[in-house]
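Okay, structure incoming, though there's no sequence with it:
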């Protein structure tokens with residue numbers, strides 16, 4: 001396990017998860033509801049920024065590694081799953097939406113692992129629709145964690161709408177990846 005700046009940022013993202021979750025379950029009186037929302041949002045935004053930064057730094061510094069390539073998506077999925085579970089518990093997100101998003105992440109991770117074992121990992125590389133899904137999902141979770149109106153804007157309602165859109169894109173991207181995997185598996189082998 002190479003200990004470099006990109007991997008340290010990934011570990012930081014994992015360490016932020018209990019903080020993000022924990023602020024909502026502190027003893028009464030430690031934080032107001034608005035303070036808990038603000039802290040959770042800050043932890044989630046910081047974690048999201050480390051997600052972008054660790055990959056960028058790994059490429060810039062030539063510090064990509066197999067361990068980093070493994071740990072980065074695990075950290076992302078843990079962060080998103082934890083945030084969604086908290087949002088469901090707080091009645092800010094429907095359980096069915098959380099199940100769709102978390103279930104898709106597990107299914108596509110398994111698909112990618114299987115395709116890698118068959119030597120066809122490149123056939124299910126991240127697509128534009130997958131990146132779009134991730135962007136909507138991260139923005140939606142951020143808005144739902146913050147939850148309070150901001151400058152008169154209904155942040156919670158915007159977050160709910162974006163989360164539904166993220167769930168739709170989740171299903172579309174899953175279908176797309178399954179199609180790519182099926183096509184790659186049925187392609188004739190060279191030689």
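Yep, that arrived. Note that this is a predicted model, so its numbers are computed, not measured. Numbering: from 1, shown residues only.

Quickly find the element holding residue 34.
helix 33-61 (DSSP states H and E).

Let me see the mean pLDDT of that helix.
Averaging pLDDT along helix 33-61 yields 91.

got the buried residues for that helix?
Buried residues in helix 33-61, counted by 16 or more other Cβ atoms under 10 Å: 36-45, 47-48, 50-51, 53-55, 57-58. For glycine as for every other residue, the C-beta is placed from the backbone atoms N, C-alpha and C.

Over to stretch 22-36?
Buried, per 16+ other Cβ under 10 Å, within stretch 22-36: 23-24, 31, 36.

ends of that stretch, how far apart?
9 Å (Cα to Cα, to the nearest Å).

Any chance of JSON lines for the buried residues of stretch 22-36, columns secondary structure and distance to residue 181?
Converted to JSON lines, the buried residues of stretch 22-36 look like this (DSSP: H, G, I helix; E, B strand; the rest coil; distance: Cβ to Cβ, whole Å):
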{"residue": "23", "secondary structure": "helix", "distance to residue 181": "39"}
{"residue": "24", "secondary structure": "helix", "distance to residue 181": "38"}
{"residue": "31", "secondary structure": "coil", "distance to residue 181": "45"}
{"residue": "36", "secondary structure": "helix", "distance to residue 181": "41"}
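
Nearest to residue 65 among these?
Nearest to residue 65 among the buried residues of stretch 22-36: residue 23, at 32.2 Å, using Cβ to Cβ.

Contacts only, for the closest one.
Residue 23 makes contact with 31, 35-36, 39-40, 43, according to Cβ atoms under 8 Å, 6 or more residues apart in numbering.

which outside residues touch stretch 127-135?
166, 169-170, 172-173, 176-177.

quick one: the longest helix along the chain to helix 33-61, angle?
Assignment by DSSP state H gives helix 155-186 as the longest helix of the chain. Counting by axes from the mean of the first three to the mean of the last three Cα atoms, to 10 degrees, helix 155-186 lies at 40 degrees to helix 33-61.

just checking, what packs against helix 155-186?
Judged by 3 or more Cβ pairs under 8 Å, 6 or more residues apart in numbering; DSSP states H and E, helix 155-186 is in contact with helix 95-117, helix 128-146.
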